[in-house]
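Peer 1: Need the 3D shape of this:
(one chain, ligands or ions: 2)
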Amino acid sequence: MTAASLEVREVSVGYGPVRALNSVSVDVPEGAVVAVLGGNGAGKTTLLRAVSRTLRFHGGTISSGTVSFDGRRLDGLTPAQVVAAGVVQVPEGRQVFARMTVADNLRAGALGAAGGRRAAAGAQARVHELFPVLAERAHQRAGLLSGGEQQMLAMGRALMARPRLLLLDEPSLGLAPLMADRIAETVREINAQGTSVLLVEQNAAIALRLASSAVVLEVGEVVLSGDADELAASDEVRRRYLGVTDDAGHPGVPEGADTGDVPGSVSAGAPRPAATLRRWSA
Ligand SMILES: Nc1ncnc2c1ncn2[C@@H]1O[C@H](COP(=O)(O)OP(=O)(O)O)[C@@H](O)[C@H]1O
Ligand SMILES: [Mg+2]
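Peer 2: Residues are numbered from 1 along each chain as shown. Ligands and ions are numbered 1, 2, ... in the order given. Below you'll find the predicted structure:
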């Protein structure tokens, strides 16, 4: 049985005449962290919007393909219904309500969620445990928080809806390295508590450390996908996304090679599925 909880299948998206995604497929198995890498304009945010059903707020539409979560089609649902189904997006640039207090931002996150007041109280306890600073600053205006604290608030607000799958859009963007590491640690902890994560990141080093698998988007298409370890070891990813130029002695994938399955990585009883470092184009 394949327990793929999120299945994006051959999804194409346009903003008016602008094609932003072209037949993109990605799976997030139950309990996994899956990373989406790619440069500016590659279509990462668009992919998350296609899942959360928020494309139309940005003038976009899915022209073909399907999105399902636990076998249930999400395409056709409203954004609020997607939240109620357990899939919650943390938008790029945090988007906290700057003039509202931290506590009210968190309350807003619980609005769309299923469950009553007790469930919301439990969610808030979890958020305060993950981010003690949000309890300390509960009555401050969110706009006064630092960038890292605002990212914590944005994630906390999403967790108030008690998601089973979190869609995270560039959580480390614009943060100092230490704060980016702290956010990464929290993503790991959130995942360890049972929430799956689809993680969009330009910081490939962070993303590949957190994720079990990843896809690389270029101009709206998946050009590379596979286990995070294998991608982190591939010359192409190291050169283009990890900024590594000296790869002496590294068992990467030879440049220009049509990789297919990586030899030696298919072993009986391996904890992860057989290697699937796949190249889509060129
Ligand atoms: N609201 C929008 N209207 C028109 N084009 C858009 C809009 N949002 C994104 N795009 C275009 O779609 C493509 C993918 O953008 P995006 O998903 O934001 O990429 P990324 O998140 O990887 O930087 C880009 O060409 C971008 O210019
Ligand atoms: Mg983006």
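Peer 1: Strands of the chain, start to end?
Peer 2: 4-15, 18-29, 33-37, 60-69, 72-73, 87-90, 165-169, 196-200, 213-218, 221-227, 278-279 (DSSP state E).
Peer 1: Relative to the whole chain's centre, how far out is the fifth one?
Peer 2: The reference is to strand 72-73. 19 Å (C-alpha atoms, centre = their mean, to the nearest Å).
Peer 1: do the first one as well
Peer 2: Its chain's C-alpha centre and that of strand 4-15 lie 14 Å apart, by C-alpha atoms, centre = their mean.
Peer 1: Could you do the fourth one as well?
Peer 2: A distance of 17 Å separates the centroid of the chain from that of strand 60-69, by C-alpha atoms, centre = their mean.
Peer 1: what are the pairing partners of that strand, and which direction each?
Peer 2: Strands that pair with strand 60-69, judged by DSSP bridges, come out as strand 4-15 (antiparallel), strand 72-73 (antiparallel).
Peer 1: Dump these to a markdown table, plus mean pLDDT and mean neighbour count.
Peer 2: To be clear about C-beta, it is placed using only N, CA and C from the backbone, and glycine gets the same treatment. As requested, the strands paired with strand 60-69 are arranged in a markdown table below (pLDDT from 0 to 100; neighbours: other C-beta atoms under 10 Å):
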| stretch | mean pLDDT | mean neighbour count |
| --- | --- | --- |
| strand 4-15 | 93 | 19 |
| strand 72-73 | 95 | 10 |
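Peer 1: Show the contacting residues for Glu149.
Peer 2: Glu149 makes contact with 133-134, 137, according to C-beta atoms under 8 Å, 6 or more residues apart in numbering.
Peer 1: can you tell me which of those residues are in helices?
Peer 2: Judged by DSSP state H, helices contain the following of those: 133-134.
Peer 1: Thr45 is nearest to which of the strands of the chain?
Peer 2: strand 165-169 (5.7 Å; C-beta to C-beta).
Peer 1: Just the CA coordinates for the closest one, please, in PDB.
Peer 2: Only the C-alpha atoms of strand 165-169 are listed here, as PDB (Å, rounded to 0.1, in the frame of the first residue of the first chain):
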ATOM      1  CA  LEU A 165       0.100  18.800   6.100                       C
ATOM      2  CA  LEU A 166       1.900  22.100   6.300                       C
ATOM      3  CA  LEU A 167       2.800  24.000   3.100                       C
ATOM      4  CA  LEU A 168       5.800  26.200   4.000                       C
ATOM      5  CA  ASP A 169       6.800  28.900   1.600                       C
END
